[in-house]
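[1] no FASTA, just this:
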């Protein structure tokens, strides 16, 4: 996730920025999947899971919000 966000900061265009953040969004969603799997197999505790899943969901919301806002700005330009 973080590497793709960093790449987005150096995007060559607004569309490139959206594309790189979209990859980060997919990576974040994949991270949520792995956290669910770790919890389902008792690899991490409920407390660890709740903490990590909440953080991941907040990050996902932020990334999605940035993508939506950037797309709106692109269409309004």
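    Structure received. Only a predicted model underlies this, so the values are computations on that prediction, with no experimental measurement involved.

[2] Can you mark which positions in the longest helix seen in the chain are buried?
    Longest helix of the chain, by residue count under DSSP state H: helix 46-76. Of all the residues in helix 46-76, those buried under the rule 16 or more other CB atoms under 10 Å are 49, 52-53, 56, 59-60, 63, 66-67, 70. Every C-beta, even on glycine, is put in place using the N, C-alpha and C of the backbone.

[3] now, among these, which is nearest to residue 12?
    Nearest to residue 12 among the buried residues of helix 46-76: residue 70, at 14.2 Å, using CB to CB.

[4] what sits against the closest one?
    Residue 70 makes contacts with 14, 17-18, 21, as judged by CB atoms under 8 Å, 6 or more residues apart in numbering.

[5] Make a PyMOL selection of whichever of these turn out to be buried.
    Selection of buried members from the contacts of residue 70 for PyMOL, criterion 16+ other CB under 10 Å:
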select buried, resi 17+18+21
